[in-house]
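*Asks:* Give me coordinates for this.
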Amino acid sequence: MSSDNNFTYVFIPANDSKPIEAIIGDKSGGLSDDCLSKEAKQYFFTNSDKGARAAALENATPEQRKILAQQLREEVKAQAAQSSYANQMLNLDDDALIGIMQANQTSASCEITALTVPTSINNHRAVSMYSDDNARTQNLPYNRRATELLVACGHSIAGEASPSRVAIGAAPPGGICGDAFVGRCHDDEMGDIWERVDFTVEDANPRAAWCEEARKHGGGGGGGGSSGPRSLSGLMNQNAGAITNGGGNNGGFDNGEGDGYKWSQNDEEVELRFPVAAGTKAKYVKINFARTTLKVIVAGQTLVNGELGGNAEVEDSTWTIEDIKHKGKELCVTICKKEEGRTWPFVLR
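*Replies:* As a prediction, the model looks like this:
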């Protein structure tokens, strides 16, 4: 745990084989000179090609700058129909246009996603995630653990963000790509308080208590519904005004594949399907349903044994052996969710 002058935040590598790391930062800079924000921006700048792009722009000849400006105008024209800002950019001279591009693409910056905003329910604790703002253009790898944390706070990652919304605070469509940092602050505007507080490795678990609190009505998280706002201002309004989300969209975590099985989920249940041998009978199957864990054994072989992504309604959970046409037999395990309408950030691990 950090001292009074320091705080703890975490680094979540996109590479699953690397552990989540706790980092100690200096809180003395406050909001205006925030240590975490500076460290994240510098990390993503150092690990990108922005430095090389900045040098190339600085050393470009007048003819090269003219060609670059023309290329930028062609790109802006393609967006003019959807954005009034793009139309305004078309009226700029070459130097101004290149200047905007230089500021946006060669400076130390990052994408900030508000996992929670401060509310009275969460004691005015805000949790933010910092990731590379050019992650997709650089084809950075998918960050499963960071995305699970995002979904655990009730955010939807389905669809594209509206260009009319504020970018800061939006849940990136499809989830988080590349490495990420996560930190927490005490942010009470009425009390004139802004201070970094600890966010530990234990807090990075999607099943942590603060994630459950974030999903509550007015708890500061995204609510998880398809009607939930994707911007920081929208998220603030949702929690201040206690907007009710539809909850019918599960944020893109509706199906996938595990180690030897396929899974799907909806508002009421999670289903796992295991291919099994043609001669498999019910007497060969042993399944242990528990509130937070699942163990599946077939013919003495353990197929899965792990932690569930949410709480199960054990008495209503069941399993069957089914004959699938042209595929053979499958063991279908159905886990009923104790909290209906909640998207599990992962199914089993």
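*Asks:* How many residues are close by residue 337?
*Replies:* Neighbourhood size, residue 337 [other Cβ atoms under 10 Å]: 23. Using the backbone N, CA and C atoms, a C-beta is placed for each residue, glycine as well.
*Asks:* swap in residue 96?
*Replies:* By the measure other Cβ under 10 Å, the count of residues near residue 96 is 12.
*Asks:* Then residue 324?
*Replies:* As a burial measure, residue 324 scores 11 neighbours (other Cβ under 10 Å).
*Asks:* What of the one 4 residues further on?
*Replies:* Applying the criterion other Cβ under 10 Å, we find 13 residues in the vicinity of residue 328.
*Asks:* That one is in contact with residue 275, isn't it?
*Replies:* Yes. Between residue 328 and residue 275 a contact is recorded at 6.6 Å, counting by Cβ atoms under 8 Å.
*Asks:* Mutual contacts of these two, please.
*Replies:* With contacts defined as Cβ atoms under 8 Å, 6 or more residues apart in numbering, no residue is shared by residue 328 and residue 275.
*Asks:* Average pLDDT for the helix of greatest length in the chain, rounded please.
*Replies:* Longest helix of the chain, by residue count under DSSP state H: helix 62-79. Helix 62-79 shows a mean pLDDT of 80.
*Asks:* what's in contact with that helix?
*Replies:* 57, 60, 86, 89-90, 94-95, 97-98, 101.
*Asks:* In that helix, which residues are buried?
*Replies:* Buried residues in helix 62-79, counting neighbours by 16 or more other Cβ atoms under 10 Å, are found at 68-69, 72, 76.
*Asks:* now stretch 310-317
*Replies:* 310-313, 317.
*Asks:* and it, how far apart are its ends?
*Replies:* Stretch 310-317 has an end-to-end distance of 13 Å (Cα to Cα, to the nearest Å).
*Asks:* cool, and stretch 196-210?
*Replies:* Terminal residues of stretch 196-210 are spaced 16 Å apart (Cα to Cα).
*Asks:* Quick check: buried residues in that stretch?
*Replies:* 196-200, 203-207, 210.
*Asks:* Which of the residues you listed lies at the shortest distance from residue 337?
*Replies:* Set against residue 337, the nearest of those by Cβ to Cβ is residue 207 (13.9 Å).
*Asks:* Which residues are in contact with the closest one?
*Replies:* 152, 292, 307, 309.
*Asks:* Dump the buried residues of helix 62-79 to a markdown table, plus distance to residue 158.
*Replies:* What follows is these, written out as a markdown table (distance: Cβ to Cβ, whole Å):
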| residue | distance to residue 158 |
| --- | --- |
| 68 | 36 |
| 69 | 37 |
| 72 | 31 |
| 76 | 28 |
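*Asks:* Residue 306 pairs with what?
*Replies:* Here residue 306 sits in beta bridges with residue 294, as judged by DSSP bridges.
*Asks:* hang on, isn't it packed against residue 296?
*Replies:* No. Using Cβ under 8 Å, residue 306 is not in contact with residue 296; the gap is 9.8 Å.
*Asks:* ok, back up a step: could the buried residues of stretch 310-317 go into JSON lines alongside secondary structure?
*Replies:* As requested, those are exported to JSON lines (DSSP: H, G, I helix; E, B strand; the rest coil):
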{"residue": "310", "secondary structure": "coil"}
{"residue": "311", "secondary structure": "coil"}
{"residue": "312", "secondary structure": "strand"}
{"residue": "313", "secondary structure": "coil"}
{"residue": "317", "secondary structure": "coil"}
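*Asks:* Now do the buried residues in whatever helix or strand residue 186 lives in.
*Replies:* Under the criterion of DSSP states H and E, residue 186 resides in strand 180-188. Judged by neighbour count (16+ other Cβ under 10 Å), strand 180-188 contains these buried residues: 180-185, 187-188.
*Asks:* Just the pLDDT at residue 314, thanks.
*Replies:* As predicted, residue 314 sits at a pLDDT of 92.
*Asks:* actually residue 2, not the one I typed
*Replies:* Reported pLDDT for residue 2: 59.
*Asks:* Ok, residue 328 next?
*Replies:* Listed pLDDT for residue 328 reads 83.
*Asks:* Could you report the separation of the closest residue to it other than its chain neighbours from residue 300?
*Replies:* Using Cβ to Cβ, 6 or more residues apart in numbering and skipping residues adjacent in sequence, the residue nearest residue 328 is residue 278, 5.8 Å away. For residue 278, the distance to residue 300 equals 17 Å [Cβ to Cβ, to the nearest Å].
*Asks:* For residue 35, which residues are in contact?
*Replies:* 25-27, 29, 196.
*Asks:* and the gap between it and residue 191?
*Replies:* On the measure of Cβ to Cβ, residue 35 and residue 191 end up 22 Å apart.
*Asks:* repeat for residue 62
*Replies:* Relative to residue 191, and taking Cβ to Cβ, residue 62 is found at 55 Å.
*Asks:* now do residue 180
*Replies:* Distance from residue 180 to residue 191, by Cβ to Cβ: 29 Å.
*Asks:* Going along the chain, name the helices of the stretch 101-250 of the chain.
*Replies:* 144-152, 209-214, 232-241 (DSSP state H, counting those that start in this stretch).
*Asks:* Flag the shaky bits of this structure, pLDDT-wise.
*Replies:* Along the chain, segments meeting pLDDT under 70 span 1-3, 49-55, 79-87, 100-108, 137, 159-173, 223-252.
*Asks:* all strands of it, in order?
*Replies:* 6-12, 21-26, 111-116, 125-131, 180-188, 193-197, 255-258, 261-265, 269-276, 285-289, 293-298, 301-307, 318-324, 328-336 (DSSP state E).
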